[in-house]
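Novice: Predicted model, plus sequence, below.
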Amino acid sequence: MKLWGGRFISDSNPFFKKFNSSINIDFRLAEQDILGSISWSGALFKSGILNYDEYKKIKDALCVLLCNVKQDPELVLKSNSEDIHSWVEEQLINMLGDLGKKLHTGRSRNDQVSTDLKLWCKQKLKCLFKNIFDFKVELIKLSERTQHIIMPGYTHLQCAQPITFSFWCLAYLEMIKRDECRLNDALKRLDSCPLGSGALSGNAWNINREDLAKDMGFRSSTNNSLDSVSDRDYVVELVSVASISMMHLSRFSEDLIFFNSSELKFIELSDCVTSGSSLMPQKKNPDSLELIRSKSGLVFGCLIRILVILKGLPLSYNKDMQEDKEGLFDTLDTWEECLCMASLILKDLCVNYSNCWYSLKTSYSNATELADYLVKKGINFRDSHYITGKIVLEALTLKLPLEKLNLSVFKKYSKHIDMDVYDALDVISLLKKRISKGGVAPRVVSQAIIDEKMSLNI
Ligand code: ARG
């Protein structure tokens, strides 16, 4: 049954019918559509459009439908309804006859679809917050057990300065905390209810929209009806929050893929999250990380997709907007899946102390210390940098790390260098110096871990 047959003389072309239909995507909004309909029937009762008996019958029938849908979420797909809103109304009419036809009074699919989608997002965000929490916990746990593992930090993918593996974990913790904050902000903005906006100009039935919004668990109702049915900012915002976070997860994956490379072997991934080669028996590939890295592309694609769908649309509702859901669902499902995968990867990750240490020792990543040492001896930083560069060049020729050079070699470049240079070049002592906020000093890192654990109550 169509909801709009009266004005038409001939039937829809079957191909158009299929083309126009969104049920195979928006069937996921079934629960939200039914819950919204229950609230709407309550609002119709409060406004005197339904009497108590009618309201009760509609509500009971919708509750039965809700149970059926919860038991079998694919139930909707067995129909050939145009969309989820048509399906729910059709079911109600099947159950209640003419009484079911009263439900849509004062309501449009335009305010309904956005209400359903916002309700769905609020539900989905609860799962995402949980996934983010789990990922944060895994980062903190790994950080806690790798405080003693010193490795080179990189810039330009060249060894730069020593850091600890723990410090690396905390860097990603900061990123995911910002992602979480952005998600919270997006949630605050989307938490307003469009229902009662009608097709575009509001409703003429004196519905108390604020009560209706509260009944559905929204913080408030939306202000302008024309905006309410046109607004998909929240879709764009959620996809963009997810995109930023997926970009972080992709960099996280890339770092781990690099650490896991046959050349570095800083880490070993668990058998549970790797796969082998069909031909080369020795292979253990970081598929899970590579897939996170590539899935970020899917999410970025969805961001462009929704922006392009919306950018040329005149107010208010246009059918183009029906295409908003697929990308949003894909995005949030993918983000959720990748967060879970990332947590799983961290759970059993082994960090190889010796390989990290060896790489560090052959990296000249303590060269900045030598320059700083010279500054302390009264030489300006630019000259110190130059002298140190020359010493590194000689050490490279001798194939020795800086700390293995004889004092006589140092002396060739600066008479200010004495035996205390060996202390300055010591990796542990250089780490310990970086005690200002955000530094890699072990006690700064361990305090950060304590603070994070406290804030998560773990
Ligand atoms: N299936 C539509 C969507 O997802 C519902 C709104 C339809 N409104 C309309 N006036 N045709 O956007």
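Specialist: Perfect, I can see it now. Numbers count the residues shown, from 1 in each chain.

Novice: CA atoms for contacts and neighbours, from now on please.
Specialist: Noted.

Novice: where do the helices sit along the stretch 1-150 of the chain?
Specialist: Applying DSSP state H, counting those that start in this stretch to the stretch 1-150 of the chain gives helices spanning 14-20, 23-26, 30-46, 52-71, 84-96, 109-145.

Novice: okay, these, which one's buried deepest?
Specialist: Of the helices of the stretch 1-150 of the chain, the one with the most neighbours on average (mean count of other C-alpha atoms under 10 Å) is helix 30-46, at a mean of 22.

Novice: The ligand contacts on the stretch 51-200 of the chain?
Specialist: 83, 109, 110, 113 (C-alpha under 6 Å from any ligand atom).

Novice: I'd like those as JSON lines, with pLDDT appended.
Specialist: Output for those, formatted as JSON lines (pLDDT from 0 to 100):
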{"residue": "83", "pLDDT": "97"}
{"residue": "109", "pLDDT": "97"}
{"residue": "110", "pLDDT": "98"}
{"residue": "113", "pLDDT": "98"}
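
Novice: farthest pair in these?
Specialist: Greatest spacing in these, by C-alpha to C-alpha: 83 and 110 (12.2 Å).

Novice: Can you add distance to residue 138 and give the residues of the stretch 51-200 of the chain next to the ligand back as JSON lines?
Specialist: Shown next, in JSON lines, are these (distance: C-alpha to C-alpha, whole Å):
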{"residue": "83", "distance to residue 138": "41"}
{"residue": "109", "distance to residue 138": "43"}
{"residue": "110", "distance to residue 138": "42"}
{"residue": "113", "distance to residue 138": "37"}
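
Novice: Relative to residue 169, which of those is nearest.
Specialist: Looking across these and measuring by C-alpha to C-alpha, the closest to residue 169 is residue 113, at 41.1 Å.

Novice: Quick check: the residue of this protein nearest the ligand.
Specialist: residue 322 (3.4 Å; C-alpha to the nearest ligand atom).

Novice: Flag every buried residue along stretch 67-83.
Specialist: 69, 73, 76, 77, 81, 82, 83 (16 or more other C-alpha atoms under 10 Å).

Novice: Nearest to residue 160 among those?
Specialist: Within the buried residues of stretch 67-83, distances to residue 160 taken as C-alpha to C-alpha reach their minimum at residue 73, with 53.5 Å.

Novice: now for the host helix or strand of residue 454, which elements pack on it?
Specialist: Secondary-structure element containing residue 454, defined by DSSP states H and E: helix 442-456. With contacts taken as 3 or more C-alpha pairs under 8 Å, 6 or more residues apart in numbering; DSSP states H and E, helix 442-456 sits against helix 109-145, helix 427-433.

Novice: Mind telling me which of the ones you listed the model trusts least?
Specialist: Mean pLDDT per stretch puts helix 427-433 lowest among those, at a mean of 95.

Novice: among the buried residues of stretch 67-83, which are in strands?
Specialist: With strands taken from DSSP state E, there is no overlap with the buried residues of stretch 67-83.

Novice: Among those residues, show me the least confident.
Specialist: Among those, residue 73 has the weakest pLDDT, 85.

Novice: Include distance to residue 394 when you put the helices and strands packed on helix 442-456 into JSON lines, please.
Specialist: JSON lines is the format used below for the helices and strands packed on helix 442-456 (distance: least, C-alpha to C-alpha, whole Å):
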{"stretch": "helix 109-145", "distance to residue 394": "37"}
{"stretch": "helix 427-433", "distance to residue 394": "20"}
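
Novice: out of the helices of the stretch 1-150 of the chain, which comes closest to residue 4?
Specialist: helix 84-96 (10.0 Å).

Novice: same for the closest one, what does it pack against?
Specialist: Here helix 84-96 touches helix 30-46, helix 52-71, helix 109-145, going by 3+ C-alpha pairs under 8 Å, 6+ apart.

Novice: Which one of those helices lies nearest to residue 210?
Specialist: Using C-alpha to C-alpha, those put helix 30-46 closest to residue 210, at 10.4 Å.

Novice: so what secondary structure elements neighbour the closest one?
Specialist: By 3+ C-alpha pairs under 8 Å, 6+ apart, helix 30-46 packs against helix 52-71, helix 84-96, helix 109-145, helix 209-215.

Novice: Tell me who's in contact with the residue of the chain closest to the ligand.
Specialist: residue 22 (C-alpha atoms under 8 Å, 6 or more residues apart in numbering).

Novice: pretty sure it belongs to a helix, no?
Specialist: Yes: Residue 322: assigned to a helix according to DSSP: H, G, I helix; E, B strand; the rest coil.

Novice: Please enumerate the strands of the stretch 251-400 of the chain.
Specialist: Remark: strands assigned in the stretch 251-400 of the chain by DSSP state E, counting those that start in this stretch are 267-268, 350-351.

Novice: Deepest in the core, which of those is it.
Specialist: Ranked by mean neighbours (mean count of other C-alpha under 10 Å), these are led by strand 267-268, with a mean of 18.

Novice: Point out the other helices and strands that that one packs with.
Specialist: Judged by 3+ C-alpha pairs under 8 Å, 6+ apart, strand 267-268 is in contact with strand 350-351.
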